[in-house]
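K.L.:
below: sequence and its predicted model.
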Amino acid sequence: MSKVLVSDPIDQAGIDILSQVATVDVKTGLKPAELVAIIGEYDALMIRSGTRVTEEIIEAGTQLKIIGRAGVGVDNVDVPTATRKGIVVVNSPEGNTIAAAEHTLAMMLSLSRHIPDANASLKKGEWDRKTFVGAEIYKKTLGVVGLGKIGSHVAHVAKAMGMKLLAYDPFISTERAEQIGCQLVDLDLLFQQADYITLHIPKTPETTNLINAKTLGKMKPTTRIINCARGGIIDELALADAIKNGKIAGAALDVFQSEPLGDSPLRSLGKEIILTPHLGASTTEAQVNVSIDVAEQIRDVLLGLPARSAVNIPGLGPDIIEELKPYMQLAETLGNLVGQLAGGRIETLNVKLQGDLATNKSQPLVVAALKGLLYQALRERVNYVNATIEAKERGIRVIETRDASARDYAGSLHLEATGTLGTHSVTGALLGEKEIHLTDVDGFPINVPPSKYMLFTLHRDMPGIIGKLGSLLGSFNVNIASMQVGRKIVRGDAVMALSIDDPLPDGILEEIKQVSGIRDAYTVTL
Ligand SMILES: NC(=O)c1ccc[n+]([C@@H]2O[C@H](COP(=O)([O-])OP(=O)(O)OC[C@H]3O[C@@H](n4cnc5c(N)ncnc54)[C@H](O)[C@@H]3O)[C@@H](O)[C@H]2O)c1
Ligand SMILES: O=C(O)[C@H](O)COP(=O)(O)O
């Protein structure tokens, strides 16, 4: 019989489901070394945010087939290592949406009316009606950063309470925002105008320290911030400082850079701040939902069936996956690349399946291209199962065409993304069995394998331009691994594709764009 380890408190409903097919051990509060010592016995691990599933734990889990996260965020799981080891990672994308949204609303109202401090004062024996005069949220402006599942529900309820709604989410269409009753604005305007700012975004390199001394400086002295998303999106020291110095009015935080929260200046602030110990998902209903949702998936995978919310394994038939696997990787890479070249919010993705790929069997490649396209917005939360729905929810129009007569390569894929910042296209094919090559960028023929860090320029084909760019990169100690120019006519427009060893340091891209003859430049991380 299979063995499942449950290492965080989860609802009994899930344990009952797992017990039908496996022996279930519930061992909470294990230290990392204790988990490493025992994980080798188990086929499945079920967790919440309390267990950090590191590379060391995954490597020690020699029998592990699945890691089930009873909740949304899988940032406590080393997903790339799990994927490399062939371990399915599943989560419950919607099971605690309402709980987290309601906690956010509770935080906003409690903060406005000083409920925690008023309650504490009364329980101490006081009757103080002066200190706790609050503010109304009616007719105030709420700035929602991240208009996904939780952000949308918060917006919906806030609207009913008479709030005016601004939202920032570069991956959501204006139409979708309007349906929810939000006006999409840029982040600066949201920071300047909102009376309340609520965060509902994942923690990614782009969102880390999004709220910092500089952005706090743009807010009104009456602004209050609520974070029930992820710790680390707010620079906590800068926030404590801004509240202490009256630069903003207050904050309500459920999540912290390091959990459990240790010594922190946030703890010594008064009624301007409310802190809860990561309780967003802690309702009876949400815990039943996520526990059942994830336990059912663990049960299915242990029985050899596919999981419905795998964050790292395609939910497609194993035979199709085997045949299309190298092309799926091609489609995902091209999707990620064209999404970054186009930038901004993507409105349309044209997918052209060419040569041998122009068959109906190739449909999963469209899904893989969308998965790549959405990676910047959703990171590991986008998978082959949800990519199409996520694209639809974001208002991205997908146009598929097939051209069996295109014969430059046995099979090639052409993607064209149009977004708020313009249109870009890429084409790619496989060389040999599975070596991905970019064969065209923005209509210019090239032939380069993609690499982790790339720089693309659109420039005038003229003597000296390659040298100038090389010297500029050299002066910033950027090492070029390979470089290729694609042009259609001599001394006309051209594209340069460079593979570089490290990410481009801040500020260089702007300098590159100033080089005479270079019209535009893009940096991409794959
Ligand atoms: N406190 C808790 O207990 C609790 C409970 C559940 C979820 N969460 C967290 O809440 C957050 C939102 O969860 P969700 O289920 O709504 O996720 P979701 O994927 O449905 O929505 C996230 C939204 O953020 C947007 N986004 C991504 N990068 C962005 C950026 N740089 N700027 C602006 N928007 C960006 C995406 O387009 C998406 O619409 C996640 O961080 C999740 O881990 C916390
Ligand atoms: O990502 C989530 O689902 C939330 O942060 C909740 O985490 P928890 O289930 O560990 O409370």
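P.N.:
All right, it came through fine. Ligands and ions are numbered 1, 2, ... in the order given.

K.L.:
so what's the residue in the stretch 351-500 of the chain that ligand 1 sits nearest to closest to, chain neighbours aside?
P.N.:
Here the residue of the stretch 351-500 of the chain nearest ligand 1 is Ala377; by Cβ to the nearest ligand atom that distance is 4.1 Å. Where C-beta positions appear, they are placed from N, C-alpha and C, glycine not excepted. Nearest residue to Ala377, sequence neighbours excluded (Cβ to Cβ, 6 or more residues apart in numbering): Phe171, at 3.7 Å.

K.L.:
in three-state terms, label the one you found for me.
P.N.:
Under DSSP: H, G, I helix; E, B strand; the rest coil, Phe171 falls in the coil class.

K.L.:
and for it, the neighbour number?
P.N.:
Residues within reach of Phe171, counting by other Cβ atoms under 10 Å, total 24.

K.L.:
from Ala44, how far off is it?
P.N.:
According to Cβ to Cβ, to the nearest Å, Phe171 and Ala44 sit 32 Å apart.

K.L.:
same deal with Leu415?
P.N.:
Distance, Leu415 to Ala44, using Cβ to Cβ: 37 Å.

K.L.:
just the buried residues of the strand or helix carrying Leu374, please?
P.N.:
Using DSSP states H and E, Leu374 sits in helix 363-378. By 16 or more other Cβ atoms under 10 Å, the buried positions in helix 363-378 come out as 364-378.

K.L.:
and what of stretch 433-446?
P.N.:
436-442, 444, 446.

K.L.:
now, which of these lie within helices?
P.N.:
Assigned to helices by DSSP state H, none of the buried residues of stretch 433-446 qualify.

K.L.:
residues contacting the residue of the stretch 151-300 of the chain found nearest ligand 2?
P.N.:
Residue of the stretch 151-300 of the chain nearest ligand 2, by Cβ to the nearest ligand atom: Ala281 (3.5 Å). Applying Cβ atoms under 8 Å, 6 or more residues apart in numbering to Ala281 gives the contacts 48, 71-72, 96, 99-100, 287, 290.

K.L.:
pull out the buried members of those.
P.N.:
48, 71-72, 96, 99-100, 287, 290.

K.L.:
follow-up on the earlier one: assumed the residue of the stretch 151-300 of the chain closest to ligand 2 was part of a strand.
P.N.:
No. Applying three-state DSSP, one finds Ala281 to be coil, outside a strand.

K.L.:
excluding its backbone neighbours, what's nearest it?
P.N.:
Sequence neighbours aside, Asn96 is the residue nearest to Ala281 in space, at 3.7 Å (criterion: Cβ to Cβ, 6+ apart).

K.L.:
phi, psi for the one you found please.
P.N.:
phi -120, psi 20 (degrees, to the nearest 10).

K.L.:
in the stretch 251-400 of the chain, which spans are helices?
P.N.:
For the stretch 251-400 of the chain, applying DSSP state H, counting those that start in this stretch gives helices covering 284-302, 318-342, 363-378, 387-393.

K.L.:
residues touching the residue of the chain found nearest ligand 1, list them.
P.N.:
In the chain, the residue that lies nearest ligand 1 is Gly148 (1.8 Å; Cβ to the nearest ligand atom). By Cβ under 8 Å, 6+ apart, the contact set of Gly148 is 169, 200-201.

K.L.:
again, 10 Å this time
P.N.:
72, 93, 97, 169, 171-172, 200-202, 229, 377-378, 381, 390, 393-394 (Cβ atoms under 10 Å, 6 or more residues apart in numbering).

K.L.:
residues in contact with the residue nearest to the spatial centre of the chain?
P.N.:
Centroid-nearest residue in the chain: Leu378, 3.0 Å away (criterion: Cα atoms, centre = their mean). Neighbouring residues of Leu378 by Cβ under 10 Å, 6+ apart: 148, 171, 202, 204, 311, 371, 386-387, 390, 394.

K.L.:
and Ala286, what does it touch?
P.N.:
11, 70-71, 92, 94-100, 102-103, 280.

K.L.:
any of those residues buried? List them.
P.N.:
Judged by 16+ other Cβ under 10 Å, buried ones among those: 11, 70-71, 92, 95-100, 102-103, 280.

K.L.:
and the chain, what are its domains?
P.N.:
2-94+285-303, 96-275, 315-450, 451-525 (the TED database).

K.L.:
and the end-to-end length of the last one?
P.N.:
One end of domain 451-525 to the other measures 8 Å (Cα to Cα, to the nearest Å).

K.L.:
what about ligand 2: which of the contacts of Gly148 touch it?
P.N.:
Among the contacts of Gly148, the residues lying close to ligand 2 (Cβ under 6 Å from any ligand atom) are Val72.

K.L.:
among the contacts of Gly148, show me the least confident.
P.N.:
Among the contacts of Gly148, Arg381 carries the lowest pLDDT, at 71.

K.L.:
quick check: the gap between that residue and Ala242.
P.N.:
In terms of Cβ to Cβ, Arg381 sits 30 Å off from Ala242.

K.L.:
who's more crowded, the two?
P.N.:
When Arg381 and Ala242 are compared for neighbours, Ala242 comes out ahead with 25 against 20, by other Cβ under 10 Å.

K.L.:
doesn't the more buried one belong to a helix?
P.N.:
Yes. Assigned with three-state DSSP, Ala242 falls within a helix.

K.L.:
check contacts around it.
P.N.:
211-213, 215-217, 219, 221, 223, 225, 235, 248-251.

K.L.:
rerun that using 6 Å as the cut-off
P.N.:
Neighbour list for Ala242: 216, 248 [criterion: Cβ atoms under 6 Å, 6 or more residues apart in numbering].

K.L.:
so what's it scoring on pLDDT?
P.N.:
The per-residue pLDDT of Ala242 was computed as 98.

K.L.:
and for Thr207, the neighbour number?
P.N.:
The number of residues packed near Thr207 is 18, by other Cβ under 10 Å.

K.L.:
and for Lys271?
P.N.:
Neighbour count for Lys271, taken as other Cβ under 10 Å: 17.

K.L.:
how about it, nearest residue that isn't a chain neighbour?
P.N.:
Asp117 (4.0 Å).

K.L.:
what sits up against the helix or strand encompassing the one you found?
P.N.:
Asp117 is part of helix 115-123 when elements are defined by DSSP H and E. By Cβ under 6 Å, 6+ apart, the residues outside helix 115-123 that reach it are 110, 128, 132, 271, 274.

K.L.:
buried set for stretch 127-135?
P.N.:
Across stretch 127-135, burial judged by 16+ other Cβ under 10 Å covers Ala135.

K.L.:
now it: average pLDDT?
P.N.:
On average, stretch 127-135 scores 97.
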